[in-house]
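Enquirer: I would like the atomic coordinates for the input below:
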Amino acid sequence: QCLAAAAEGRREEEPDPLVGRRLPDGRWVKARVLPAEGQAEARYLCCSGSGRRVEHSYLGAGECRRLMGNVDGRTVAPAAKRD
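Expert: Model (predicted):
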């Protein structure tokens, strides 16, 4: 997240609103990854699982917001409570 914040001119103290949130499908948004050359937007590392069995995937910022029911990127659904 620090590299993404620096690249966008944001201060590190301003947390990314998507990182640390749980998506409705149970995956957790773990980190923001800077866009690769030729990509329009940053991607987010999303993980699920426990112990030694952890699955991961990368989603674009727009896809993360869409899954959370958000389109403007500012207001994000609260994280789901764990059982």
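
Enquirer: Quick check: V19 is in a helix.
Expert: No - going by DSSP: H, G, I helix; E, B strand; the rest coil, the assignment for V19 is coil, not a helix.

Enquirer: roughly how far apart are it and R52?
Expert: Separation of V19 from R52 (CB to CB, to the nearest Å): 24 Å. Glycine gets a C-beta too; all of them are placed from N, C-alpha and C.

Enquirer: Looking at the two, which is more packed in?
Expert: Shown here are V19 and R52; by other CB atoms under 10 Å, V19 has more neighbours (16 against 5).

Enquirer: next one: phi and psi at that one?
Expert: The phi and psi values for V19, taken as degrees, to the nearest 10, are phi -70, psi 130.

Enquirer: My guess is it contacts C46. True?
Expert: No - applying CB atoms under 8 Å, one finds V19 not in contact with C46, separated by 10.3 Å.

Enquirer: Need the residues touching each of those two.
Expert: V29, K30 (CB atoms under 8 Å, 6 or more residues apart in numbering).

Enquirer: Please give the element, helix or strand, for A40.
Expert: Assigned by DSSP states H and E, A40 belongs to no helix or strand.

Enquirer: The protein: helices as residue ranges?
Expert: Counting by DSSP state H, the chain has helices at residues 2-8, 61-67.

Enquirer: now V33, nearest residue through space, not along the chain?
Expert: Nearest residue to V33, sequence neighbours excluded (CB to CB, 6 or more residues apart in numbering): R43, at 4.8 Å.

Enquirer: list the contacts for the one you found?
Expert: Contacts of R43 (CB under 8 Å, 6+ apart): R32, V33, P35, Y58, L59, G60, A61.

Enquirer: Report how many residues lie close to the first one.
Expert: The reference is to R32. Neighbours around R32, by other CB under 10 Å: 22.
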